[in-house]
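J.: next comes the sequence, and after it the predicted model I'd like to discuss.
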Amino acid sequence: MENFYIEATATSPEVDFRFEQNLLAMKGESYPENAAAFYTPIVQRLRDYLTTREDTAITANIALAYFNSSSTKMLFSIFDALDQAAQQGNRVEVNWYHDEEDETIFEFGEELKADFTAIIFNDHAVAS
Amino acid sequence: MIKPSSANQDCNFFDLAQQRNVIFYHMGYFSHTIITAMAEVVKLQLEISGINGPTRRKLFSSFVELSQNIIHYSSDLLQQAPDLRQGAVCISAEGERHLMLCANPIASHDVERLREKLEPLCHMSLDEIKQAYKVTLRAETPADSKGAGLGFLTMARDASAPLEFSFHPRADEPETTLFCLKATI
């Protein structure tokens, strides 16, 4: 399966899905003009990839410095897809990076952790 | 040549902006491209104003939510370019706090719907707002929303005082109402 890469813009994150390494990364800021339009193909590619995996160790590194309210729901869809893959026997580990002073992103991570319990969720507070 | 009297008036405007500690102000048309450019200015202004990191992040977040509200919901579309919609945002400092103001015209028939969304938020404690945020995050997106239906809750969560809002029907144009929203951060 081909890798999936989207370059970052000022208002959308870099998306770097290296499927053959089972390594998924998102990095940057997220307040695109239309969050649903930006994220729908990403969630689709992710789901397509996840259906091909079983008994696999998958790592997702997510370092979003800011995301707007309409991006939050789309992040929930991404986590939902990952959680389903974990429930089906894959080992899914998420590294959630945020500035140590950023309570909002830390708390959002806690929400994700509470809902998607099959994922191994690691919170990483990074010094600013 | 600049006429002395008009130059004086121009200076008055800058003086007033300085007295009111205006950090950023824009009135006019908004598009995604314009918001992107403004976001860069806002980030820089907040940083050089010496505001601490957490407050800066909350102000920036409110700025994005309000500006995107304008491009989604302002009823004043530029006819030759309907992607451009009119509104105003202002960020200023008031003592230890910061004010985020926004104004944009809306259709008068949307006033009640908007009031129903905002009114409850103005009477909730921060804990209740966070709770409502968690519930809405997991709920289906409302059909009338162009985002996630989380914008006002996000602003209410970032604010240090209840959101304030007002509606001003336009005397010469009853089908249009000016919507003003104030968040204290």
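T.: Happy to help now that I have it.
J.: from here on, just use CA atoms for contacts and neighbour counts.
T.: OK.
J.: what stretches of chain B score poorly on pLDDT?
T.: For chain B, the stretches flagged by pLDDT under 70 are B:1-7, B:9, B:142-144, B:146-148.
J.: near chain A, which residues of it? Just list them.
T.: B:32, B:36, B:53-54, B:57, B:61, B:64-65, B:134, B:137-138, B:147-151, B:154 (Cα under 8 Å from any Cα of the partner chain).
J.: list buried residues within those.
T.: When neighbours are counted using 16 or more other Cα atoms under 10 Å in any protein chain shown, the residues of chain B next to chain A contain these buried positions: B:32, B:36, B:57, B:61, B:64-65, B:137, B:147-151, B:154.
J.: now secondary structure too, for these, in JSON lines please.
T.: Converted to JSON lines, these look like this (DSSP: H, G, I helix; E, B strand; the rest coil):
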{"residue": "B:His32", "secondary structure": "helix"}
{"residue": "B:Thr36", "secondary structure": "helix"}
{"residue": "B:Arg57", "secondary structure": "helix"}
{"residue": "B:Ser61", "secondary structure": "helix"}
{"residue": "B:Val64", "secondary structure": "helix"}
{"residue": "B:Glu65", "secondary structure": "helix"}
{"residue": "B:Leu137", "secondary structure": "helix"}
{"residue": "B:Gly147", "secondary structure": "coil"}
{"residue": "B:Ala148", "secondary structure": "coil"}
{"residue": "B:Gly149", "secondary structure": "coil"}
{"residue": "B:Leu150", "secondary structure": "coil"}
{"residue": "B:Gly151", "secondary structure": "helix"}
{"residue": "B:Thr154", "secondary structure": "helix"}
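J.: just the helices in the chain please.
T.: Picking chain A for this. Per DSSP state H, chain A carries helices over the ranges A:35-51, A:69-87, A:103-115.
J.: wait, I meant chain B there
T.: B:4-19, B:32-48, B:53-73, B:111-122, B:126-138, B:151-158.
J.: contacting residues around B:Tyr25?
T.: B:88-91 (Cα atoms under 8 Å, 6 or more residues apart in numbering or on different chains).
J.: tell me the buried residues in stretch A:29-42?
T.: A:29-33, A:35-36, A:38-39, A:42.
J.: then stretch A:17-29?
T.: Buried residues in stretch A:17-29 (16+ other Cα under 10 Å): A:17, A:19, A:22-29.
J.: what of stretch A:97-115?
T.: For stretch A:97-115, burial by neighbour count (16+ other Cα under 10 Å) applies to A:97-99, A:101-102, A:104-106, A:109, A:112-113.
J.: next, format those residues as CSV and append pLDDT and distance to chain B.
T.: Listed next are these as CSV, based on pLDDT from 0 to 100; distance: Cα to the nearest Cα, whole Å:
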residue, pLDDT, distance to chain B
A:Tyr97, 98, 16
A:His98, 97, 12
A:Asp99, 95, 10
A:Glu101, 93, 6
A:Asp102, 94, 6
A:Thr104, 92, 9
A:Ile105, 95, 11
A:Phe106, 96, 12
A:Gly109, 96, 12
A:Leu112, 94, 11
A:Lys113, 95, 13
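J.: flag every residue of chain A that's near chain B.
T.: A:10-11, A:31, A:33-35, A:66, A:68-73, A:101-103, A:111.
J.: tell me where the model's unsure across chain A.
T.: For chain A, no range has pLDDT under 70.
J.: tell me the residue of it that sits nearest chain B?
T.: A:Ser70 (4.7 Å; Cα to the nearest Cα).
J.: what's around that residue, how many residues?
T.: Neighbours of A:Ser70 under the rule other Cα atoms under 10 Å in any protein chain shown: 25.
J.: shouldn't it be in contact with B:Leu153?
T.: No - counting by Cα atoms under 8 Å, A:Ser70 stays clear of B:Leu153, with 11.7 Å between them.
J.: looking at the contacts of B:Tyr25, state which has the most neighbours.
T.: B:Ile91 (26 neighbours).
J.: who's in contact with it?
T.: The neighbours of B:Ile91, taking Cα under 8 Å, 6+ apart as the test, are B:22-25, B:98-101.
J.: closest to chain A among these?
T.: Looking across those and measuring by Cα to the nearest Cα, the closest to chain A is B:Met100, at 16.5 Å.
J.: counting only strands, which of the buried residues of stretch A:17-29 make the cut?
T.: Using DSSP state E, the members of the buried residues of stretch A:17-29 that fall within strands are A:17, A:23-29.
J.: would you agree A:Thr56 is in contact with A:Asn90?
T.: Yes - here A:Thr56 reaches A:Asn90: they are 4.9 Å apart, a contact under Cα under 8 Å.
J.: show me which of those two is the more surrounded one.
T.: A:Asn90 (20 against 15).
J.: excluding sequence neighbours, find me the nearest residue to B:Glu65.
T.: In space, and not counting its chain neighbours, B:Glu65 is closest to B:Gly151: 5.8 Å by Cα to Cα, 6 or more residues apart in numbering or on different chains.
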